[in-house]
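A.B. asks: Mind folding the following:
(2 chains)
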Protein chains: 2
Amino acid sequence: MAEQVRAIRTRRAILSAAAKIFEERGYQAATISEILTAAGVTKGALYFHFQSKEDLAQGVLAEQDHQQIFVPDRPSKVQELVDVAVLHSYRLQTDPMVRAGVRLTMDQLAHDLDRSGPFVRWAEVLTGLLQTAKAQGELLPHVEPAETADVIVGSFAGIQSMSQAMCDYRDLPARVAALMRHLLPSVVLPSVLTSLHLGESRGSEVYAEATKTARLRQAAEAAG
Amino acid sequence: MAEQVRAIRTRRAILSAAAKIFEERGYQAATISEILTAAGVTKGALYFHFQSKEDLAQGVLAEQDHQQIFVPDRPSKVQELVDVAVLHSYRLQTDPMVRAGVRLTMDQLAHDLDRSGPFVRWAEVLTGLLQTAKAQGELLPHVEPAETADVIVGSFAGIQSMSQAMCDYRDLPARVAALMRHLLPSVVLPSVLTSLHLGESRGSEVYAEATKTARLRQAAEAAG
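C.D. replies: Numbering: from 1, shown residues only, chains lettered A, B, ... in the order given. Alright, predicted model coming up:
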């Protein structure tokens, strides 16, 4: 057990170092030996967890999915979708690993890296939420969940890039709120629109709620 | 006059080479000597036109604005805005210089390069079109042209990145059409929506029209 905990910590240290180096140098220019130095682990330890630079980058990309910070179930799946977007915005502003994953995804020079993964996974998550929203009557009748999910994921990716280029993410909550106000009227029923929480502080509120839920879940698991 | 034509050609050859090298190597890793070799010009010629690597990148970025391929004036400014978007999509699919400019804009590792320029210039163009559209009664009453322009520019940037990552721009026209169908209902009057041309072949049609107009304009200038 102690060994397993140590292995998880080593893996995490390597991924943090990889995130830092990829962010500073770009995927193409980064080298494994720079990541080794930054992580402060042995070559053997690194290669035990990751076979190649591509493997390291895929590890950073996958961290977006694996950090166990979820939006709790909501009665309105449209609100849950909004909360997924604002939570991700908040984490982009505050978490270096999430930021590094998104930058790798947007790095058009990482030719040999399959960057489509995060786009595909986010689109799957949103498609699922929109299918449920449709089944329970929250959406306008013509909406195709998969198409709308693709539009939201693509738009969000660009809004965050624009915010990063203009002011290093400072105006991201306002831009995401504006995007939602522009997209949702063509997707959801007017009566659903009027009850949505879309304000700029929504991201930090959902983050506080999600981390509290995660702590309670961990405590419950440890207890029994 | 012959000298001026030669200078324009040299400048263009250097920018093409810079676009190619930036696209292959990324802004950070690219060197002026690589660009020199690719352009096949003397060091003196290069430094006559561009003082630094940053200057070269700004030149590539500015080419998006300087290629003189414009959407002709339309009675509906909303249609004109759609046509600006689909024309840019078409050029992204077909013109290496436009592609290189967009990739530089989206290159989050180009820390010392001001990448906000293209975002700001596109937002200005769209703000102008939306202001005229508003003045002539095409928009819903609550629309703020500058905010809506920012949402469209940011969304478009992400939609093109997603299309590039998923399939090297093959599905870009379909994705841009879907984006417009999602955004415009919260921006323009229903009666304007129903008369818009938004199909996937719109980009190539507008490109044919715009290049014809550009040729006629050049012929008129040469004649008189």
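A.B. asks: Please tell me how far the residue of chain A found nearest chain B sits from residue B:84.
C.D. replies: Going by C-beta to the nearest C-beta, chain B is nearest to residue A:158 of chain A, at 2.4 Å. In short, each C-beta sits where N, CA and C put it, glycine included. Distance from residue A:158 to residue B:84, counting by C-beta to C-beta, to the nearest Å: 16 Å.
A.B. asks: Would you agree the residue of chain A closest to chain B falls within a helix?
C.D. replies: Yes. Residue A:158 sits within a helix when classified using DSSP: H, G, I helix; E, B strand; the rest coil.
A.B. asks: Pull the number of nearby residues for it.
C.D. replies: If you count neighbours by other C-beta atoms under 10 Å in any protein chain shown, residue A:158 ends up with 27.
A.B. asks: Then residue A:18?
C.D. replies: Applying other C-beta under 10 Å, we find 29 residues neighbouring residue A:18.
A.B. asks: Quick check: closest non-adjacent residue to it.
C.D. replies: Excluding the flanking residues, the one nearest residue A:18 by C-beta to C-beta, 6 or more residues apart in numbering or on different chains is residue A:56, at 4.4 Å.
A.B. asks: can you tell me the helix or strand for that neighbour?
C.D. replies: Per DSSP states H and E, residue A:56 falls inside helix A:53-66.
A.B. asks: helices or strands next to that helix in the packing?
C.D. replies: Secondary structure elements in contact with helix A:53-66, counted by 3 or more C-beta pairs under 8 Å, 6 or more residues apart in numbering or on different chains; DSSP states H and E, are helix A:2-29, helix A:32-39, helix A:96-106, helix A:116-135.
A.B. asks: Present those helices as CSV; the columns should include distance to residue B:181 and mean pLDDT.
C.D. replies: Conversion of the helices and strands packed on helix A:53-66 to CSV gives the following (distance: least, C-beta to C-beta, whole Å; pLDDT from 0 to 100):
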stretch, distance to residue B:181, mean pLDDT
helix A:2-29, 34, 85
helix A:32-39, 44, 93
helix A:96-106, 24, 81
helix A:116-135, 15, 92
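A.B. asks: just these: most buried one?
C.D. replies: Mean neighbour count, computed with mean count of other C-beta atoms under 10 Å in any protein chain shown, is highest for helix A:96-106 among the helices and strands packed on helix A:53-66, reaching a mean of 22.
A.B. asks: Please name every helix or strand in contact with that one.
C.D. replies: With contacts taken as 3+ C-beta pairs under 8 Å, 6+ apart, helix A:96-106 sits against helix A:2-29, helix A:53-66, helix A:77-94, helix A:116-135, helix A:145-167.
A.B. asks: hmm, who's touching that helix?
C.D. replies: Here helix A:96-106 makes contact (C-beta atoms under 8 Å, 6 or more residues apart in numbering or on different chains) with A:15-16, A:18-20, A:22-23, A:27, A:57, A:60-61, A:63-64, A:67, A:88, A:91-92, A:110, A:113, A:115, A:117-119, A:157, A:160-161, B:106, B:108-109, B:161, B:165.
A.B. asks: ok, now stretch A:57-74?
C.D. replies: By C-beta under 8 Å, 6+ apart, stretch A:57-74 touches A:11, A:14-15, A:18-19, A:22, A:27, A:49-50, A:80, A:83-84, A:87, A:91, A:95, A:97-98, A:100-102, A:104-105, A:110, A:113-115, A:117-118, A:121, A:206-207, A:209-211, A:213-214, A:217.
A.B. asks: domain parsing for chain A?
C.D. replies: Using automatic domain parsing, the domain parsing of chain A gives A:2-59, A:67-223.
A.B. asks: what about residue A:137, which SS state?
C.D. replies: Per three-state DSSP, the secondary structure class of residue A:137 is coil.
A.B. asks: can you pull the contacts of it?
C.D. replies: Counting by C-beta under 8 Å, 6+ apart, residue A:137 has contacts residue A:189.
A.B. asks: do the same with the one 10 residues further on
C.D. replies: Residue A:147 is in contact with residue B:178, counting by C-beta under 8 Å, 6+ apart.
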